[in-house]
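**Q** the following block contains a protein sequence and its predicted model.
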Amino acid sequence: MTSRPRPYDAVKRALDVVLAATGLLLAAPVLTAVALAVLVTMGRPVLFRQARPGRHGRLFHLVKFRSMTVGGEDSAPANDGARLTPFGRWLRTTSLDELPQLWNVLRGEMSLVGPRPLLPAYLARYTPEQLRRHDVRPGITGLQQAYGRNALSWEDRFALDVRYVRHRSLALDLRILLRTVRIVLRREGITAPGVATAREYLGPSELAPAGTGHLPAAGRR
């Protein structure tokens, strides 16, 4: 499951620190405004913290702005629609709820670009190939977020994650970041079809038969 360190990894980590610190400073007024809005519309706590598996499956606490009623974001994804508040739904469509994760990047728990950190329960459900998504730090955005986000099937999302791990480079990271800006501005792929956020991943048995996935052509390398 481990991969050999490369010069790219050290350069990427340095860029993560510089860009995350700069982002936190520049976004401070927005972070403050969103925190006050969450406090007024939903009360405390303002931040949502949840254990997520990071590099090599090590757990860390991911930080986001709270978008659901208290206790809601720890429950099953199938009930997310009933727990999302109106302001929380708007936060998710703008992706402003993700900004506090710059702190996770600064702490070295995440990167700006990498596979999305999902629920710890999924670790036991991955195939050995899918588990390779944990060979690198998880990211705020990644190949799957830039090419469909929650609108993709789990099969396609994991295939893009593993493709990123195999072909990661600074050029690919820059391409993903630029494409993410466009996806966020267009508010594309925020939810899976028929649900408020994303469907729960139950394991390989729920995946489509081989050859029926629909990876975006632009995501292939």
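**A** Noted; the coordinates are in hand.
**Q** list the buried residues in the lengthiest helix in the chain.
**A** If you go by DSSP state H, the chain has its longest helix at helix 7-26. Neighbour-count burial for helix 7-26, counted by 16 or more other C-beta atoms under 10 Å, picks out 12, 15-16, 20, 23-24. Placement of C-beta: from N, CA and C, glycine included.
**Q** between the residues you listed, which is closest to R163?
**A** Taking C-beta to C-beta as the measure, R163 sits nearest to K12 out of the buried residues of helix 7-26, at 17.0 Å.
**Q** hey, what's V63 bridged with?
**A** Taking DSSP bridges as the rule, V63 bridges to R49.
**Q** number the residues from 602 up from this point.
**A** Shifting the count to begin at 602 puts that one at V664.
**Q** got a list of what it touches?
**A** 648-650, 701-702, 704-705 (C-beta atoms under 8 Å, 6 or more residues apart in numbering).
**Q** returning to that earlier point: and which of the buried residues of helix 608-627 is nearest T694?
**A** So of those, ranked by how close each gets to T694 (C-beta to C-beta), first place is G624, at 20.2 Å.
**Q** check the closest one and give its pLDDT.
**A** For G624, the pLDDT comes out at 97.
**Q** so it sits against W704, correct?
**A** No - the pair G624 / W704 is not scored as a contact, 10.1 Å apart, by C-beta atoms under 8 Å.
**Q** re earlier: farthest-separated two in the buried residues of helix 608-627?
**A** Every pair of the buried residues of helix 608-627 checked by C-beta to C-beta; the farthest is K613 and L625, at 18.2 Å.
**Q** and the most far-flung residue of the chain relative to its centre, what element?
**A** The centre of the chain is farthest from one residue, V641, which by C-alpha atoms, centre = their mean lies 26.3 Å away. Element membership for V641, per DSSP states H and E: helix 629-643.
**Q** only the buried residues of that helix, if you could.
**A** Buried residues in helix 629-643, counted by 16+ other C-beta under 10 Å: 632, 635, 638-639, 643.
**Q** any low-confidence regions in the chain?
**A** Low-confidence segments of the chain (pLDDT under 70): 602-606, 672-680, 790-797, 807-822.
**Q** just the helices in it please.
**A** Using DSSP H, helices in the chain cover 608-627, 629-643, 681-684, 687-695, 702-707, 744-747, 755-768, 771-787.
**Q** which parts of stretch 769-784 are buried?
**A** Neighbour counts using 16+ other C-beta under 10 Å place 769, 774, 777-778, 780-781, 784 of stretch 769-784 among the buried residues.
**Q** off-centre distance for it?
**A** Relative to its parent chain, stretch 769-784 has a centroid offset of 14 Å by C-alpha atoms, centre = their mean, to the nearest Å.
**Q** list the contacts for the spatially most central residue of the chain?
**A** Centroid check for the chain by C-alpha atoms, centre = their mean gives R717 as the closest residue, at 3.5 Å. Counting by C-beta under 8 Å, 6+ apart, R717 touches 739-740, 743, 745-746, 758, 762.
**Q** export the residues you listed as CSV, with columns for neighbour count and distance to Y802.
**A** What follows is the contacts of R717, written out as CSV (neighbours: other C-beta atoms under 10 Å; distance: C-beta to C-beta, whole Å):
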residue, neighbour count, distance to Y802
P739, 26, 15
G740, 27, 18
G743, 27, 16
Q745, 28, 13
Q746, 26, 16
R758, 27, 9
D762, 25, 12
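**Q** please consider this matter closed, and thank you.
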